[in-house]
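>>> I'd like to go over a predicted model; first the sequence, then the structure.
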Amino acid sequence: MVSADRLKLVAGVGPLQLLFGIDELQEVLAAGELEWLPDGEAIRLRGAEVPVRDPESLFGVPAAAAFAARHLLVFRDPDRPWGLLVDDIVGVFPAESFILRDVPALLRKPGQSYRQIAVHQGRVLICCDSERLAARRSAP
């Protein structure tokens, strides 16, 4: 059996594919079955308020409507869990099946929420770090 720190989850958001470590995730939920708070920016999960980010704010892809996205990734966080809406869960794969590369200098931007890309099955993915995304999440 492969340990969680050696597994990666690939999620689709619009035209992008995002790569997350399974050990960063608390859970994956069906977005349509969530109890959304009136502001549409958080859910109630087992009595706790969990803020939810739309991918547009983190990756610049068109906003997925809170009730149209198919999945919510809930991330572990020392302060409190937070969620990210995604369109699709592509699958879970061993870490060894990805080729990791730093983002080329010409494509780097200040405040960018990722530093690496991965190649998997002929596709380029954005390597996401939940701590880095959480820091960006709390920034204005």
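Noted; the coordinates are in hand.
>>> For the rest of this, base every contact and every neighbour count on C-alpha atoms.
Will do.
>>> ok, for Ala11, nearest residue in space, not its chain neighbours?
Among residues not flanking Ala11 along the chain, Ile89 sits closest, at 4.4 Å (Cα to Cα, 6 or more residues apart in numbering).
>>> how about the one you found, what does it touch?
The contact partners of Ile89, by Cα atoms under 8 Å, 6 or more residues apart in numbering, come to 9-12, 71.
>>> Just checking: what are the partner strands of the helix or strand where it lies?
Per DSSP states H and E: Ile89 is located in strand 88-94. Paired neighbours of strand 88-94 in the sheet (DSSP bridges): strand 7-13 (antiparallel).
>>> Could the C-alpha coordinates of the partner strand be exported in CSV?
Provided in CSV are the C-alpha atoms of strand 7-13 (Å, rounded to 0.1, in the frame of the first residue of the first chain):
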residue,chain,number,x,y,z
LEU,A,7,-0.1,10.1,-3.6
LYS,A,8,-1.3,13.1,-5.6
LEU,A,9,-4.8,14.2,-6.5
VAL,A,10,-5.4,15.8,-9.9
ALA,A,11,-8.4,18.2,-10.2
GLY,A,12,-9.7,20.0,-13.2
VAL,A,13,-10.7,23.7,-13.1
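>>> For that strand, buried residues please.
7-13 (16 or more other Cα atoms under 10 Å).
>>> In the protein, where is pLDDT below threshold?
For the chain, the stretches with pLDDT under 70 are 1-2, 4, 62-69, 111, 136-140.
>>> hey, where'd the strands end up in it?
Taking DSSP state E, the strands of the chain run over residues 7-13, 16-21, 25-30, 35-36, 42-45, 48-53, 71-75, 82-86, 88-94, 99-102, 116-120, 123-127.
>>> check contacts around Leu9.
When contacts are counted by Cα under 8 Å, 6+ apart, Leu9 touches 19-22, 89-93.
>>> With distance to Glu131 as extra columns, can I get the residues you listed in TSV?
What follows is the contacts of Leu9, written out as TSV (distance: Cα to Cα, whole Å):
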residue	distance to Glu131
Leu19	14
Phe20	11
Gly21	11
Ile22	13
Ile89	20
Val90	22
Gly91	22
Val92	20
Phe93	21
